[in-house]
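Asker: build me a model from this:
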Amino acid sequence: MAAGLLAAVWAAPAAAQQKTTIRDRAEQDIKKRPVVMAGLGVIDGIVTDTLLRPLGAADVSVVGVGARVVTEAGGRFRFLQVPAGQYLLVVRRIGFAPTSGIIEVPADDTLRLAYTLARTTNLLDTIRVRETRLSMRMLEFEQRKAQGVGQFITQEQIDRRGSGLTSDFLRNVSGVDVSTLTNTVFAGKVALSKREGGSLVGEGTGACAMQIILDGIVMPRFFNLDLLPPPKQIAGIEVYKGAATVPIQFGGADRRCGMIIFWTREGY
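Answerer: Numbering: from 1, shown residues only. Reported below is the predicted structural model:
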């Protein structure tokens, strides 16, 4: 595909508009997706708190293609020249619980979005640099792996296998059924619990979808695995087949059908 993805951030009113081109990186990753894309669209959005006050300095990312912008003081953000198709968008800001959403970008049109972030009581270390934060995060991954509860796929195993799709790493995992649902509500590859009946003729009726978490962010039920970042961006995968084995720190998510946790190398 010749078209790339251009991310633009609004600066202060008196300053010139800043633009960051990620054409080559987006082209390479988008081509791997089983999504038919035609034409270019625009993502135009705003981020507020629960009192509808605009939130500046919020990080907005399009997962898997390396597109990331920061909201300006009025909470606004914009992505330009976006190939039409389905994406996972993540919104984060220090002091607030992150949120995510699956979006459908139209061809030759503008998709207008609004996200609301709720304050969190969790204290974050604002002086910790990215390298330290990632190291501590994966240290916890290694600690849980050493406990022997759950199934773990490491970055070394991911790199050695060299698969093109992250969902491929779940196909040989005990207790997980990677199925393609074809109905209009849950379309795409999903992870279903074999312990709870697995897939039912590709329709999803009665199937027990495992909870997907990406960098600590809870994804929607029946999450389309094709929207995950590619393997080259994944640092580790944790799989818990049932609610009893899920670590206590992930207890707020839906645990009834088990859980799969993905950690990226740079973090969302």
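
Asker: just to check, Lys189 is in contact with Val176?
Answerer: No: using C-beta atoms under 8 Å, Lys189 is not in contact with Val176; the gap is 11.6 Å. Any C-beta I mention is one placed from the backbone N, CA and C, and that applies to glycine too.

Asker: what residues sit buried inside stretch 83-97?
Answerer: Neighbour counts over stretch 83-97 (16 or more other C-beta atoms under 10 Å) mark 83-93, 96-97 as buried.

Asker: which parts of the stretch 51-200 of the chain are helices?
Answerer: Here the stretch 51-200 of the chain has its helices, by DSSP state H, counting those that start in this stretch, at 130-147, 155-161.

Asker: nearest to Asp168 among the buried residues of stretch 83-97?
Answerer: Of all these, Asp168 sits closest to Leu88, with 17.9 Å by C-beta to C-beta.

Asker: the nearest residue to Arg171 once chain neighbours are set aside bridge partners, please.
Answerer: Nearest non-adjacent residue to Arg171, counting by C-beta to C-beta, 6 or more residues apart in numbering: Val178, 5.3 Å away. Bridge pairing for Val178 (DSSP bridges) gives the partners Ala191.

Asker: please renumber so the chain begins at 23
Answerer: Sounds good: first residue 23 from here, last item Val200.

Asker: Leu192 is in contact with Val200, correct?
Answerer: Yes: using C-beta under 8 Å, Val200 is in contact with Leu192, at 5.2 Å.

Asker: spit out the residues that contact these two alike.
Answerer: Residues touching both Val200 and Leu192 (C-beta atoms under 8 Å, 6 or more residues apart in numbering): Ala213, Leu247.

Asker: the nearest residue to Thr176 once chain neighbours are set aside: neighbour count?
Answerer: Once flanking residues are discounted, Thr176 sits nearest to Gly258: 5.8 Å by C-beta to C-beta, 6+ apart. Using other C-beta atoms under 10 Å, Gly258 has 22 other residues around it.

Asker: show me the contacts for Gly258.
Answerer: Gly258 neighbours (C-beta under 8 Å, 6+ apart): Met160, Phe163, Phe174, Ile175, Thr176, Gln177, Ile180, Phe284, Trp285.

Asker: same question for Gly197.
Answerer: Ser215, Lys216, Arg217, Val261, Lys263, Gly280.

Asker: list phi and psi for it.
Answerer: phi 90, psi 0 (degrees, to the nearest 10).

Asker: pLDDT averaged over stretch 214-232, what's the number?
Answerer: The average pLDDT for stretch 214-232 rounds to 64.

Asker: pull the distance from the helix or strand that contains Phe284 to the chain's centre.
Answerer: Per DSSP states H and E, Phe284 falls inside strand 281-286. Chain-centre distance of strand 281-286: 10 Å, with C-alpha atoms, centre = their mean, to the nearest Å.

Asker: surely Arg115 and Thr70 touch.
Answerer: No: counting by C-beta under 8 Å, Arg115 stays clear of Thr70, with 10.8 Å between them.

Asker: what is in contact with those two at once?
Answerer: Leu77, Leu139.

Asker: which residues does Tyr137 bridge with?
Answerer: Val69.

Asker: got a list of what it touches?
Answerer: Tyr137 touches Gly67, Ile68, Val69, Thr70, Val113, Thr121, Gly123, counting by C-beta under 8 Å, 6+ apart.

Asker: residue contacts, the third one?
Answerer: Taking C-beta under 8 Å, 6+ apart as the criterion, Val69 is in contact with 76-77, 80, 82, 93, 97, 99, 113, 115, 136-139.

Asker: can you redo those residues as CSV with distance to Pro252 and pLDDT?
Answerer: Converted to CSV, the contacts of Val69 look like this (distance: C-beta to C-beta, whole Å; pLDDT from 0 to 100):
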residue, distance to Pro252, pLDDT
Pro76, 33, 97
Leu77, 29, 97
Ala80, 25, 96
Val82, 20, 96
Thr93, 26, 97
Gly97, 30, 97
Phe99, 23, 98
Val113, 21, 96
Arg115, 26, 95
Ala136, 29, 97
Tyr137, 24, 97
Thr138, 29, 97
Leu139, 27, 96
